[in-house]
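K.L.:
Need coordinates for the below:
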Amino acid sequence: MQEHGGDIYTNDGLFDFSANINPLGPGEKVMKALQESILKVTAYPDPLCRKLRESAAKRESVPPDYIVCGNGAADLIYTLVLAEKPKQALLCTPSFSEYEKALRTVGCKIRFHKKREEDHFTLTSRYLEELTGDLDLVFLCSPDNPTGQCIDEILLREIIERCEKNGIRLVLDECFFDFTEDAPWIHHEFFVKDHRMLFLLRAFTKMFSIPGVRSGYGVCSDTALLDRMKEARQPWPVSIPAQEAGVAALKDDLLPAATRLLIAEERRHLMEEFGRLGIRYYPADANYILFYSEIDWYEEMKQEGFLIRDCCNYRGLGKGYYRIAVKGREDNERLLAAFRRILKRYKGEGTWQSRL
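P.N.:
The predicted structure follows:
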């Protein structure tokens, strides 16, 4: 069973809809930076990531001391947990599996807040009741993975305030936030200065379609935590190409803007078509859609030449849940045509409605 999306090495030759990557690609600025960075690889990378930290600080309107860079978001998750060594943590289900795996490495006790299917797996005010003083750390993801849903803004602000009051480290993973239509108007970095327990997680992987480069950063006003993170890792955490790509990405406003327009239109199109096909899906804000069916869509779509994400290994989901990425219209239509062919076959066998 695939642990994450994007396993094109095991599934060579399949059209990948399992990884939630920008269909527009990295953009000219990032590609040019990557190409030019190859000439610099005979030197060690800057261990302090100065250029990248300064660029990120400018984008986030915070001092450079509030920025910590990493080898992608996963690296920062594990490094933060190692630096904090929490004894008690709270995780939501379903959500990104690396939060739990990172916490297990330090022997942390984990409580789980189960989001309800009848709420479309949306986080509700029930969560506030669990933010008790015995907690050291919580992870939240907005938009969440794999549901694609953002946390309500009023609720999120209450969570930030309660975590600050109770001394709970809140790691807010916003690696997919730039794909949402609200991204240009919502700036959670403004909370960082007055909320030292808040840690914002950013990455270039998804929006700039560079998962093979591995580059990201965190934003936090608790500089003592960031110092501990630096002490808890190897001395050159981010390669020269990754640093250069990150700097270039932070200068590119056109690609994210064009991507948001594309994803918003195509996400609505896919959800409308799923509705017409009678497939139960969960309304999404990001560049991926979660759906449910008794049909084994993972195997059926492989036979059609497509790789989608089987979500049965997500805690809180199980068998029958799948996720697809949102791509451009031509690619999405190819995927939908495969859905229709499979459903037509099931309809012919008289098992269509019973398996949806």
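K.L.:
Next up, the contacts around the closest residue in space to residue 13 that isn't next to it in sequence.
P.N.:
Excluding the flanking residues, the one nearest residue 13 by Cβ to Cβ, 6 or more residues apart in numbering is residue 305, at 7.6 Å. For glycine as for every other residue, the C-beta is placed from the backbone atoms N, C-alpha and C. Applying Cβ atoms under 8 Å, 6 or more residues apart in numbering to residue 305 gives the contacts 13, 14, 15, 338.
K.L.:
ok, now with 10 Å
P.N.:
13, 14, 15, 334, 338 (Cβ atoms under 10 Å, 6 or more residues apart in numbering).
K.L.:
Restricted to strands, list the residues you listed.
P.N.:
With DSSP state E as the criterion, strands contain residue 15 from among those.
K.L.:
quick one: which of the contacts of residue 305 is most hemmed in?
P.N.:
residue 338 (20 neighbours; other Cβ atoms under 10 Å).
K.L.:
element containing residue 68?
P.N.:
Per DSSP states H and E: residue 68 is located in strand 67-70.
K.L.:
One more: residue 273?
P.N.:
Using DSSP H and E, residue 273 maps to helix 254-277.
K.L.:
Which elements pack onto the helix or strand that comes right after that helix?
P.N.:
Using DSSP H and E, the helix or strand that follows helix 254-277 in sequence is strand 280-282. In terms of contacts (3 or more Cβ pairs under 10 Å, 6 or more residues apart in numbering; DSSP states H and E), strand 280-282 is packed against helix 254-277, strand 288-292, strand 321-325.
K.L.:
Need these in CSV (columns: mean pLDDT and distance to residue 218).
P.N.:
Converted to CSV, the helices and strands packed on strand 280-282 look like this (pLDDT from 0 to 100; distance: least, Cβ to Cβ, whole Å):
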stretch, mean pLDDT, distance to residue 218
helix 254-277, 97, 19
strand 288-292, 97, 23
strand 321-325, 97, 25
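K.L.:
hang on, isn't residue 81 packed against residue 105?
P.N.:
Yes: look at residue 81 against residue 105 with Cβ atoms under 10 Å: they come within range, at 6.8 Å.
K.L.:
what about these two, which has more around it?
P.N.:
Of the pair residue 81 and residue 105, residue 81 is the one with more neighbours under other Cβ under 10 Å, namely 26 against 11.
K.L.:
And the strands in this structure?
P.N.:
15-16, 67-70, 88-93, 109-114, 137-141, 169-173, 198-203, 216-219, 280-282, 288-292, 306-307, 309-310, 321-325.
K.L.:
And those strands: which comes nearest residue 268?
P.N.:
strand 288-292 (10.5 Å; Cβ to Cβ).
K.L.:
show me the contacts for the residue lying closest to residue 321 once chain neighbours are set aside.
P.N.:
Spatial nearest neighbour of residue 321, chain neighbours left out: residue 311 (4.1 Å); criterion: Cβ to Cβ, 6+ apart. Counting by Cβ under 10 Å, 6+ apart, residue 311 makes contact with 5, 94, 145-147, 290-292, 298, 317-323.
K.L.:
which stretches of the stretch 1-150 of the chain have low pLDDT?
P.N.:
1-12 (pLDDT under 70).
K.L.:
give me every residue that touches the nearest residue to residue 263 once chain neighbours are set aside.
P.N.:
Excluding its sequence neighbours, the residue lying closest to residue 263 (Cβ to Cβ, 6+ apart) is residue 287, at 4.8 Å. For residue 287, the contact set (Cβ under 10 Å, 6+ apart) comprises 20-23, 143, 148, 176, 178-180, 206-207, 259-260, 262-264, 266-267, 325-327.
K.L.:
Are any of the residues you listed buried, and if so which?
P.N.:
20-23, 143, 148, 176, 178-180, 206-207, 259-260, 262-264, 266-267, 325-327 (16 or more other Cβ atoms under 10 Å).
K.L.:
Do you have the helices of this structure handy? List them.
P.N.:
Along the chain, counting by DSSP state H, helices occupy 28-37, 50-60, 73-84, 97-104, 153-166, 223-231, 240-250, 254-277, 297-303, 329-348, 352-355.
K.L.:
Distance to residue 129 added to these, as a markdown table?
P.N.:
Listed next are the helices of the chain as a markdown table, based on distance: least, Cβ to Cβ, whole Å:
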| stretch | distance to residue 129 |
| --- | --- |
| helix 28-37 | 43 |
| helix 50-60 | 31 |
| helix 73-84 | 23 |
| helix 97-104 | 20 |
| helix 153-166 | 10 |
| helix 223-231 | 26 |
| helix 240-250 | 38 |
| helix 254-277 | 32 |
| helix 297-303 | 36 |
| helix 329-348 | 40 |
| helix 352-355 | 38 |
